[in-house]
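> Fold the following for me, if possible:
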Amino acid sequence: MLSVRNLQSAYGASQVLFDVGLDIGEGEVVTLLGRNGMGKTTTVRSLMGLLVPKGGEIRFDGCMLQGSAPEVIARCGIGLVPEGRQIFPTLSVRENLVATAANRLGRASPWTLERVYALFPRLEERACQSARTLSGGEQQMLAVGRALMTNPKLLILDEATEGLAPVIRAEIWRCLEALKAQGQSILLIDKNIAVLKRLADRHYIIEKGRTVWSGSSAELGAQAEMVHRYVGV
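Next up is the predicted model:
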């Protein structure tokens, strides 16, 4: 579904990505791991067209995406839950969800308000509440729900549970497990290696803007020293 080869990106004269490559198949959950500042968010921004790559190839469902505008990429079927959530604070929970709702790919069973509320009952309880008054965990649920309402083929979550209370983290993981069971393709960035090994099919590690390792959860679990070298704090 998604194929990235030799991705290179920079902010002005400061190059951040030098050689990032990854693949995501239909129905797969794949992680992007690495310490802070290694290029994970820059990779996401490059995939979404928020940063124009200097080089390399991004192919999604057979279409070349590098250099495309963010709205074009979104319409192709990629949904983003960005780092920091970035919900619309002046809109209600319901308004946030319907603001970007679309079924451009013609799914037979599209995401609707009812489906999102079933996934996150708290959002239904707060449907008329201003999004700025939600807790951090509730805002993250809203960000996930908003992305799902675009009915994406691929869902990208940047720092899925960062800064959340343990009980809210557990709810986010439950949601992602449910999405995987439904066949949703996911690219996931997070620091909870134990949960990621259980949830994800494959993993990529980047170091200083380069992909330095890839493998299955079993392979990741067997290389504790390597994980500590590239991911540990």
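> Leu17 - that's part of a helix, no?
No: Leu17 is assigned strand when assessed by DSSP: H, G, I helix; E, B strand; the rest coil, not a helix.
> Distance check, it against Glu162.
21 Å (Cβ to Cβ, to the nearest Å). Using the backbone N, CA and C atoms, a C-beta is placed for each residue, glycine as well.
> low pLDDT regions in this structure?
Scanning the chain for pLDDT under 70 picks out the ranges 233.
> From the contact counts, what lies against the lengthiest helix in it?
Counting residues, the longest helix found in the chain (DSSP state H) is helix 166-181. Packing partners of helix 166-181 (3 or more Cβ pairs under 8 Å, 6 or more residues apart in numbering; DSSP states H and E): helix 136-148, strand 185-189, helix 193-199.
> Only alpha carbons, please: show the first one as CSV.
Pointing back at helix 136-148 there. Provided in CSV are the C-alpha atoms of helix 136-148 (Å, rounded to 0.1, in the frame of the first residue of the first chain):
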residue,chain,number,x,y,z
GLY,A,136,-5.6,15.7,27.0
GLY,A,137,-6.8,12.1,26.6
GLU,A,138,-10.2,13.1,25.4
GLN,A,139,-8.6,15.4,22.8
GLN,A,140,-6.5,12.5,21.6
MET,A,141,-9.6,10.4,21.2
LEU,A,142,-11.2,13.2,19.3
ALA,A,143,-8.1,13.5,17.0
VAL,A,144,-8.3,9.8,16.3
GLY,A,145,-12.0,10.0,15.7
ARG,A,146,-11.6,13.0,13.4
ALA,A,147,-9.0,11.1,11.3
LEU,A,148,-11.3,8.0,11.1
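> 382 is where my numbering starts, stick with that
Taking 382 as the first residue, the last one we looked at is helix 517-529.
> Could I get the buried residue list for it?
518-529 (16 or more other Cβ atoms under 10 Å).
> and if you look at the last one?
Of the residues in helix 574-580, 574, 576-578, 580 count as buried by neighbour count, 16+ other Cβ under 10 Å.
> Dump the residues you listed into JSON lines; add distance to Thr412 as well.
Output for the buried residues of helix 574-580, formatted as JSON lines (distance: Cβ to Cβ, whole Å):
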{"residue": "Ile574", "distance to Thr412": "9"}
{"residue": "Val576", "distance to Thr412": "10"}
{"residue": "Leu577", "distance to Thr412": "5"}
{"residue": "Lys578", "distance to Thr412": "9"}
{"residue": "Leu580", "distance to Thr412": "8"}
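> ok, these vs Val479, which is closest?
The nearest member of those to Val479, counting by Cβ to Cβ, is Leu580 at 28.9 Å.
> ok, back up a step: quick check, nearest of the buried residues of helix 574-580 to Gly596?
Nearest to Gly596 among the buried residues of helix 574-580, with distances taken as Cβ to Cβ, is Lys578, at 10.9 Å.
> Skipping its backbone neighbours, what lies nearest that closest one in space?
Distances taken as Cβ to Cβ, 6 or more residues apart in numbering place Ser598 nearest to Lys578, at 4.4 Å, with adjacent residues excluded.
> show me the contacts for the one you found.
Going by Cβ atoms under 8 Å, 6 or more residues apart in numbering, Ser598 touches 577-579, 581-584.
> I'd like those laid out as CSV, including distance to Pro434.
Below are the contacts of Ser598 laid out as CSV (distance: Cβ to Cβ, whole Å):
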residue, distance to Pro434
Leu577, 26
Lys578, 30
Arg579, 32
Ala581, 25
Asp582, 26
Arg583, 23
His584, 22
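> How far does stretch 460-469 stretch from one end to the other?
Start-to-end span of stretch 460-469 (Cα to Cα, to the nearest Å) is 16 Å.
> quick revisit: more neighbours, Leu398 and Glu543?
Counted by other Cβ atoms under 10 Å, Leu398 and Glu543 do not tie: Leu398 has more neighbours, with 26 against 16.
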